[in-house]
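*Asks:* got a sequence here, can you build the structure:
(one chain, ligands or ions: 1)
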Amino acid sequence: MKIVVIGGNGLVGRNIVRRLQAKGHDVSAASRGSGVDIITGKGLRQALAGAEVVVDVTNSPVRDGPAPYEFFKKGGENLLEAEAAEGVSHHVSLSVVGTGRLDDSPYFRGKAAQEELIRKSGIPYTILHATQFFEFLLEIVELSVYKQSLRLSPAYIQPIASADVAASLAELAVRPAKNAIVEIAGPERQRLSEIIQRFLTEIEAPYEVVTDILAPYYGTTLDDDSLLPGEGARICCTDFQTWIGQSEYWGAGW
Ligand SMILES: NC(=O)c1ccc[n+]([C@@H]2O[C@H](COP(=O)([O-])OP(=O)(O)OC[C@H]3O[C@@H](n4cnc5c(N)ncnc54)[C@H](OP(=O)(O)O)[C@@H]3O)[C@@H](O)[C@H]2O)c1
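*Replies:* Take a look at the predicted model:
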């Protein structure tokens with residue numbers, strides 16, 4: 001099967017490319033690094049020529065302010081238009097659990113706009129909603145730290161290893177389109193403030209976590225269950241302790 005992974009050199013993308021190649025599919029990775037830009041449209045039609053399936057795992061290079069909304073909307077429009085022109089028969093997209101209920105956040109509003117474009121495109125699709133990646137905990141720390149402390153919401157999260165998300169996307173890409181959203185989450189439910197404290201302890205980072213229900217999260221505030229998956233979510237696989245033991249942080253110190 002000819003499959004193009006847009007964002008194929010990113011964290012999730014390169015893992016998907018590797019898995020699909022190992023199964024013998026004709027896979028290519030596309031992104032600005034290989035001359036394909038979903039914002040300007042440069043190289044898109046050529047990259048998609050002959051593709052049956054497109055997996056979109058791009059991410060906005062700028063995460064705060066209005067940029068993510070513009071990225072997902074404009075990028076979604078260009079990508080889906082090019083897919084329609086090239087006759088792509090399955091669009092697979094990675095989105096985030098909580099999309100559709102956190103519209104104060106430009107990031108989540110952008111993901112909601114991207115999903116709406118997909119539903120209206122007429123192209124058969126599958127959208128995977130994943131919870132926060134373990135790999136993303138460091139970004140939360142970097143965005144929240146002020147002097148030696150972090151103000152964090154006590155909302156529940158159920159984080160997952162990005163490799164488990166990539167495995168799920170690689171499976172979905174070669175199955176018939178579901179024309180629906182499916183959800184995936186990690187095995188443990190914990191408060192955001194608690195898992196970040198656990199992460200900081202593991203990496204021996206000298207920061208103190210202060211719990212605050214009004215702490216901002218990507219431009220919005222969170223309720224207890226804003227970031228939790230629904231009832232039918234697939235629960236998978238690697239837990240925090242296993243992940244960190246295999247990660248680049250293990251034994252590295254701060
Ligand atoms: N982080 C989380 O916890 C989490 C949870 C659930 C879902 N997700 C979703 O997972 C997706 C992928 O995340 P990730 O962490 O794998 O992202 P990442 O590592 O930041 O990779 C982003 C990819 O997008 C490409 N890209 C950026 N701008 C582009 C453009 N204008 N045109 C073409 N390609 C472009 C980048 O390559 P170039 O720089 O070469 O262009 C790169 O391949 C995102 O959509 C995110 O919403 C993330």
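*Asks:* all helices of the chain, in order?
*Replies:* Assigned by DSSP state H, the chain shows helices spanning 11-22, 44-48, 67-86, 106-120, 137-144, 162-173, 192-202, 240-246.
*Asks:* between the ones you listed, which one is closest to the ligand.
*Replies:* Nearest to the ligand, of all the helices of the chain, is helix 11-22, at 3.6 Å by CB to the nearest ligand atom. Yep, even glycine has a C-beta here, placed from its N, CA and C like the rest.
*Asks:* mind listing what's buried along that closest one?
*Replies:* 11-17, 19-20 (16 or more other CB atoms under 10 Å).
*Asks:* check the helices of the chain for me: which has the lowest mean pLDDT.
*Replies:* For these, the weakest mean pLDDT is recorded on helix 137-144, namely a mean of 90.
*Asks:* so how far is G186 from the closest residue to the ligand within the stretch 1-150 of the chain?
*Replies:* Using CB to the nearest ligand atom, the single residue of the stretch 1-150 of the chain nearest to the ligand is G10, 2.2 Å away. According to CB to CB, to the nearest Å, G10 stands 20 Å off from G186.
*Asks:* neighbour-wise, which of those two wins?
*Replies:* G186 (26 against 20; other CB atoms under 10 Å).
*Asks:* list the residues that contact that one.
*Replies:* 131, 134, 158-161, 164, 235-236, 238-240 (CB atoms under 8 Å, 6 or more residues apart in numbering).
*Asks:* go on, R63?
*Replies:* Contact analysis of R63 by CB under 8 Å, 6+ apart lists 107, 139, 143, 218.
*Asks:* one more time with 6 Å
*Replies:* R63 makes contact with no residue under the criterion CB atoms under 6 Å, 6 or more residues apart in numbering.
*Asks:* now the one 3 residues further on
*Replies:* Contacts for P66 were tallied using CB under 6 Å, 6+ apart; they are P106.
*Asks:* which pLDDT value belongs to it?
*Replies:* For P66, the model assigns a pLDDT of 91.
*Asks:* if we can go back for a sec, which ChimeraX command selects the buried ones in the contacts of G186?
*Replies:* The ChimeraX selection below is limited to those of the contacts of G186 classed as buried (16+ other CB under 10 Å):
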select :131,134,158,159,160,161,164,236,238,240
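*Asks:* and this structure, which residues reach the ligand?
*Replies:* Remark: the part of the chain in contact with the ligand comprises 6-7, 9-13, 31-33, 36-39, 57-59, 61, 94, 96, 130, 132-133, 136, using CB under 6 Å from any ligand atom.
*Asks:* from the residues you listed, which land in strands?
*Replies:* Among the residues of the chain next to the ligand, DSSP state E puts 6, 94, 96, 130 in strands.
*Asks:* turn those residues into a markdown table, columns for neighbour count and pLDDT.
*Replies:* Below are these laid out as a markdown table (neighbours: other CB atoms under 10 Å; pLDDT from 0 to 100):
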| residue | neighbour count | pLDDT |
| --- | --- | --- |
| I6 | 26 | 98 |
| L94 | 26 | 98 |
| V96 | 20 | 98 |
| A130 | 27 | 98 |
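*Asks:* closest to L172 out of those?
*Replies:* Closest to L172 out of those is L94 (9.8 Å), distances taken as CB to CB.
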